[in-house]
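*Asks:* Turn this into a structure:
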Amino acid sequence: MKVLVVEDEKKLAEYVRRALTEHNYVVDVAADGVTGLHLARETQYDLILLDVMLPGMDGFTVLREIRRDDRVPVLMLTARDKIEDRVKGLQDGADDYLGKPFALSELLARVLALGRRSGLNAAASTGQNTLRVGDLELDLLRRRAYRSGTRLDLTAKEFTLLSLLMRKHGEVISRLEIAEQVWDINFNSNTNVVEVAVRRLRGKVDDPFPVRLLHTVRGMGYVLEERTPDAQT
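*Replies:* Purely as a prediction, here's the structure:
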């Protein structure tokens, strides 16, 4: 995997770069938001580690700009550990959060987890590069989704969520499991992030097409499956 580290603390950036390099990652480093955004736009990365507090352009702004045209997984690094900041970052398109200070073992575990959830590591290790349910197709290596041959414009989080649903097609997945598997965080009962994400995904996967695949099972969760016309819900 090729990783971009956007971090203005030089010692920390070098520490992360060295650690990832020793674990066979190819690593580029940017010390400010503007440079980080430039590199993200000019180079194809498999993962971006993005600090929140950056000179020139803060991490939230960089993230929003990246999400305009790139679905690369993003792990936010921050000393601001308030739940409001986490939710804001996740809603802006971040895939995970890691608070400072952090242990190297946790950083590596989260990097591996992001690779697994995005399908990068799984596809490389198992040879299963494509998932299919009906006319819906997910290319795990190129991180592209198609339905009836039409490419779907998914965010990184939507791609990860759809990957989970397709891997478990036919199974009802609870809201809690989705939160844990896709966001790696426990949301309280008053947070509607999962519902919002599913609604947005449905608007791209189902709404433009005559047959629905993503269904709500009231009181239980969500399921992705083909159903007969009289069973559509």
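
*Asks:* how much space between G203 and E158?
*Replies:* Distance, G203 to E158, by C-beta to C-beta, to the nearest Å: 10 Å. Glycine gets a C-beta too; all of them are placed from N, C-alpha and C.

*Asks:* pLDDT averaged over the top helix by length along the chain - what is it?
*Replies:* For the chain, the helix that runs over the most residues, judged by DSSP state H, is helix 104-118. Helix 104-118 carries an average pLDDT of 80.

*Asks:* When G203 and E158 are compared, which one has more neighbours?
*Replies:* Each of G203 and E158 has its neighbours counted (other C-beta atoms under 10 Å); E158 has more, 22 against 12.

*Asks:* per-residue pLDDT, the more buried one?
*Replies:* At E158, the model reports a pLDDT of 88.

*Asks:* do the same with D230
*Replies:* For D230, the pLDDT comes out at 50.

*Asks:* So that it lines up with my notes, have the first residue be 43 from now on.
*Replies:* Let's use 43 as the start, then, which means that last one is D272.

*Asks:* residues in contact with the longest helix of the chain?
*Replies:* The contact list for helix 146-160 (C-beta atoms under 8 Å, 6 or more residues apart in numbering) reads 43, 45, 57-58, 61-62, 65, 67, 88-89, 91, 115, 117, 137-138, 140, 163-164, 182, 185, 198, 201-202, 205-206, 223-224, 226.

*Asks:* In strands, which of these appear?
*Replies:* Within the contacts of helix 146-160, membership in strands is found for V45, L89, L91, L117, D138, L140, as judged by DSSP state E.

*Asks:* Pop the domain breakdown of this structure in here.
*Replies:* 44-160, 170-273 (automatic domain parsing).

*Asks:* out of those, deepest packed?
*Replies:* domain 44-160 (a mean of 18; mean count of other C-beta atoms under 10 Å).

*Asks:* can you give me how far that one is from the chain middle?
*Replies:* With C-alpha atoms, centre = their mean, to the nearest Å as the basis, domain 44-160 stands 12 Å off its chain's centre.

*Asks:* contacting residues for L54?
*Replies:* With C-beta under 8 Å, 6+ apart, L54 has these contacts: K142.

*Asks:* Which helix or strand contains it?
*Replies:* Element membership for L54 (DSSP states H and E) is helix 52-64.

*Asks:* Tell me what angle that helix forms with helix 146-160.
*Replies:* For helix 52-64 against helix 146-160, the angle by axes from the mean of the first three to the mean of the last three C-alpha atoms, to 10 degrees is 60 degrees.
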